[in-house]
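Colleague: sequence first, predicted model second:
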Amino acid sequence: MANTLPVYDVRCAWQVTDVSAFADRGGLSNGRVGLRLCNLGGSKLRGNSSLVSRSGGRNGACVGGSRALTPITKSVLKTEYETPAGVEADVTRLERAVTERGFEVDSRIEEELKGEGGFRNVRRTKLIATIGPSCCSYEQMEALASSGVNIARLNMCHGTHEWHRQVIKNCRRLNAEKGYGIVVMIDTEGSEIHMGDLGGVSSAKAEDGEEWCFTIRKFNGPLPAYTLPVNYEGFAEDVQVGDELVVDGGMVRFEVLEKVGPDVKCKCTDPGILLPCANLNLWRDGYLVREKNVTLPTISSKDWVDIDFGISEGVDFIAVSFVKSPDVIKHLKSYVAARSPDRSIGVIAKIEDANSLRCLDDIIRVSDGVMVARGDLGAQIPLEQVPSVQEAIIDACRKLNRPVIVASQLLESMIEYPTPTRAEVADVSNAVRQQADALMLSGESAMGLHPQKAVEVLRGVSVRMEHWSREESHHEKPPLPEISTSDTGRTSEQICNSATQIANKLGADAILVYTRRGYMASLISRNRPDCPIFAFTESRNVMRCMDLQWGVVPFQFAFRKDLESNLLQSLALLKAHCMVRSGNLVVAVSDVSSASQSGTGVLQSIQVHVLS
Ligand SMILES: Nc1ncnc2c1ncn2[C@@H]1O[C@H](COP(=O)(O)OP(=O)(O)OP(=O)(O)O)[C@@H](O)[C@H]1O
Ligand SMILES: CC(=O)C(=O)O
Ligand SMILES: [K+]
Ligand SMILES: [Mg+2]
């Protein structure tokens, strides 16, 4: 079998290993493995479904799947906190930049601003890439970063802490050596019902009509044929004969035939590729069976270990899977605040559990951001509801002033193919048009064949659609409801709303905001102004956290005594570095309190400045 492989463009060793594992398992005949590899080599066989069946669903390319290579090992709870790896180098570089140059900004943005397009072409939608075996080396990550990735996501369902630590190190190194501002997000596994690992192989294929056994028995090493382990002890008790078992958001489906002790015998009704740790959902008489998942903790004991790992590594965001209520987010936020008193870590609520839709606003209010996790969400609510729920979540986040990420299957076919489908481009465009703060790649970057191309597609589509939306809906934005409750909050909010209106009316090139914790930057971003938002802050931590927000370009900068001095000083620096030009018009606001000359209180103002 292996002899046939070199004929084709098989790109890296793990794919070959993987295929042999696959072939050994007897999942596919040798001939078909050969054909699949053919396909991995490029686009020539595209659409030739008689040769390459895509009935494996979204994971049709999963001979390239990778879990077998990075088995999950048991992690050890870290109680002592070390200095997060590489954070020091990153901080030192930033401090040096701030002292030597007076400010710090992501080198990629700096290049963009110096270029032809200047302000106008700055991408407003932020890009997130899940890091996996296809893109985890320093060079591969550099390629993704140079194509515009703002945030690296680490899915704690896969890989060891050692593996994740190395990826985080690569991020720090890129920031320190290349001047990038890559932000790090971890994503918890959650304890919803899912399959265990597949005894060391990276995937298995279930064919139509085959009988498989889902079992709560534990195995060490290879699994018996047609057997799949389930992580949840109550599984065999909870299922009923006739239930539909939906795997991985609908990629494979089974019907429950019979229960025998710890084993549940099922018949495959929708064939496809089974991946380790894939989520399982039960449907009965056309309804999702919810009871079982309600009793499982949102943050499992493994998740707490992973969260401790994230805190000790100095990550910027923690995304929580299968959030059901606001309480868990509140709990985690206070835990993180106690464990990491000097650095804030943003907590992102993933909306993928049907229960979360009943208390969506409350969840959004207590979170630092939200993710529309369409993969699992699509298994818990009817698929045709996903687009309207996505729009509702985006709107709710805008109203409540929280950043929102649209995730999963944006460019799913690019796991295999070098170009996206037209439908995928339309889906990405739609999310950009809805003005989500960020778009996220999952398998496309983690285990796909074209991670960099996928990022480039997101970037290209974002810039194009943002441009088009600005032209189309100029000044037609409906007013947002007021969100502030305190007097100072209301003042800031009105200042930001008015600054945006002024900037839009005057066709400003940028809004400059001087902000200590990023709140004012978020209030401006919430208005989705026509021009980019340059957000100056003193804190590196705030700078990183602001990078999730739509249209915000974060700068680190040492504040002067008042808005006017900050404005003049930062413009002089930007001009000296060719990032602004004569004739540029900027609107500036600040939450850095400046005592008025007469000493009678704090003055907030909007300044308009045309560069000489
Ligand atoms: N660190 C990793 N090591 C190995 N494979 C990975 C890693 N991260 C992601 N992958 C692969 O990429 C696929 C898609 O990644 P993604 O993060 O969307 O995970 P998922 O398991 O589908 O679940 P979810 O996103 O709902 O947590 C995974 O199924 C896995 O095969
Ligand atoms: C991202 C994720 O967890 C999902 O779509 O299910
Ligand atoms: K996850
Ligand atoms: Mg999910």
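Modeller: Right, received. Where do you want to start? Ligands and ions are numbered 1, 2, ... in the order given.

Colleague: spit out the contact partners of the residue nearest to Arg526 when sequence neighbours are not counted.
Modeller: The shortest distance from Arg526 to any non-neighbouring residue, by CB to CB, 6 or more residues apart in numbering, is to Asn401 (4.9 Å). All C-beta atoms are positioned from the backbone trio N, CA, C, and that covers glycine. Contact analysis of Asn401 by CB atoms under 8 Å, 6 or more residues apart in numbering lists 483, 522-523, 526.

Colleague: what about these, which are in helices?
Modeller: Judged by DSSP state H, helices contain the following of the contacts of Asn401: 522-523, 526.

Colleague: closest to ligand 3 out of those?
Modeller: Nearest to ligand 3, judged by CB to the ion, of the ones in helices among the contacts of Asn401 is Ser522 at 25.5 Å.

Colleague: does that closest one touch Trp550 like I think?
Modeller: No. With contact defined as CB atoms under 8 Å, Ser522 does not reach Trp550; the gap is 9.6 Å.

Colleague: where do the contact lists of these two overlap?
Modeller: Joint contacts of Ser522 and Trp550 (CB under 8 Å, 6+ apart) are Pro403.

Colleague: residues from the stretch 251-400 of the chain in reach of ligand 2?
Modeller: With the criterion set to CB under 6 Å from any ligand atom, the stretch 251-400 of the chain comes near ligand 2 through 321, 350, 352, 373-376.

Colleague: and the gap between Met546 and ligand 2?
Modeller: Here the criterion is CB to the nearest ligand atom, to the nearest Å. By it, Met546 lies 22 Å from ligand 2.

Colleague: got it, and Gly249?
Modeller: Counting by CB to the nearest ligand atom, the gap from Gly249 to ligand 2 is 7 Å.

Colleague: and that residue, what are its phi and psi?
Modeller: Here is the backbone geometry of Gly249 (degrees, to the nearest 10): phi 70, psi 20.

Colleague: neighbours of it, how many?
Modeller: Neighbour count for Gly249, taken as other CB atoms under 10 Å: 23.

Colleague: list the residues that contact it.
Modeller: Contacts of Gly249 (CB under 8 Å, 6+ apart): 279, 375-376, 378-379.

Colleague: contacting ligand 4 as well, which ones from the residues you listed?
Modeller: On the criterion CB under 5 Å from the ion, 375-376 are the entries of those that sit beside ligand 4.

Colleague: farthest pair in the contacts of Gly249?
Modeller: Asn279 and Gly378 (10.8 Å; CB to CB).

Colleague: of the two, who's got more company?
Modeller: Asn279 (24 against 20).

Colleague: and the residue nearest to the more buried one when sequence neighbours are not counted, what pLDDT?
Modeller: Counting by CB to CB, 6+ apart, Asn279 lies nearest to His194, which is 4.8 Å off, once chain neighbours are set aside. On the pLDDT scale, His194 is placed at 88.

Colleague: flag every residue of the chain that's near ligand 4.
Modeller: Counting by CB under 5 Å from the ion, the chain sits next to ligand 4 at 352, 373, 375-376.

Colleague: isn't Phe557 right next to Phe536, touching?
Modeller: Yes. If you go by CB under 8 Å, Phe557 and Phe536 touch, sitting 4.3 Å apart.

Colleague: out of these two, which sits in the busier spot?
Modeller: Phe536 (26 against 23).

Colleague: and that one, what element?
Modeller: strand 533-537 (DSSP states H and E).

Colleague: and that strand, what does it pack against?
Modeller: When contacts are defined as 3 or more CB pairs under 8 Å, 6 or more residues apart in numbering; DSSP states H and E, strand 533-537 packs onto strand 510-514, helix 519-526, helix 540-546, strand 552-557, helix 563-576.

Colleague: neighbouring strands of the fourth one in the sheet, and parallel or not?
Modeller: Put plainly, it is strand 552-557. strand 103-105 (antiparallel), strand 533-537 (parallel) (DSSP bridges).

Colleague: next, the angle from it to strand 510-514.
Modeller: For strand 552-557 against strand 510-514, the angle by axes from the mean of the first three to the mean of the last three CA atoms, to 10 degrees is 50 degrees.

Colleague: from the chain's centre, how far out does strand 552-557 sit?
Modeller: The chain centroid and the centroid of strand 552-557 are separated by 21 Å under CA atoms, centre = their mean, to the nearest Å.

Colleague: next, the buried residues of it.
Modeller: 552-557 (16 or more other CB atoms under 10 Å).

Colleague: three-state assignment of the closest residue to Ser612 other than its chain neighbours?
Modeller: Counting by CB to CB, 6+ apart, Ser612 lies nearest to Ser582, which is 6.2 Å off, once chain neighbours are set aside. Here Ser582 is recorded as coil under DSSP: H, G, I helix; E, B strand; the rest coil.

Colleague: phi first, then psi, for Ser582.
Modeller: Note on Ser582: backbone dihedrals following degrees, to the nearest 10 are phi -60, psi 140.

Colleague: burial count for it?
Modeller: For Ser582, using other CB under 10 Å, the count is 8.

Colleague: now Glu110
Modeller: Counted by other CB under 10 Å, the residues lying close to Glu110 total 17.

Colleague: same deal with Ile273?
Modeller: Neighbours of Ile273 using other CB under 10 Å come to 26.

Colleague: you'd agree it is up against Ser203?
Modeller: Yes. The criterion here is CB under 8 Å, and Ile273 meets it with Ser203 at 5.1 Å.

Colleague: for the stretch 51-200 of the chain, what spans make up the helices?
Modeller: For the stretch 51-200 of the chain, applying DSSP state H, counting those that start in this stretch gives helices covering 87-101, 107-114, 138-146, 161-178.

Colleague: which one's the longest helix in this structure?
Modeller: The chain, longest helix under DSSP H: helix 451-472.

Colleague: distance check, the closest residue to ligand 4 within the stretch 351-500 of the chain against Leu400.
Modeller: Nearest to ligand 4, among the residues of the stretch 351-500 of the chain, is Asp376, at 3.7 Å (CB to the ion). Separation of Asp376 from Leu400 (CB to CB, to the nearest Å): 23 Å.

Colleague: how about Lys575?
Modeller: Taking CB to CB, one finds Lys575 at 37 Å from Leu400.

Colleague: more neighbours, the two?
Modeller: Leu400 (20 against 15).

Colleague: returning to what we had before: which among the contacts of Gly249 gets closest to Phe103?
Modeller: Nearest member of the contacts of Gly249 to Phe103, counting by CB to CB, is Gly375, at 39.3 Å.

Colleague: any chance of the ones in helices among the contacts of Asn401 in a markdown table, plus pLDDT and neighbour count?
Modeller: Formatted as a markdown table, those follow (pLDDT from 0 to 100; neighbours: other CB atoms under 10 Å):
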| residue | pLDDT | neighbour count |
| --- | --- | --- |
| Ser522 | 98 | 24 |
| Leu523 | 97 | 26 |
| Arg526 | 97 | 26 |
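
Colleague: got these as a markdown table, with distance to Gly242 columns?
Modeller: A markdown table is the format used below for the ones in helices among the contacts of Asn401 (distance: CB to CB, whole Å):
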| residue | distance to Gly242 |
| --- | --- |
| Ser522 | 49 |
| Leu523 | 53 |
| Arg526 | 48 |
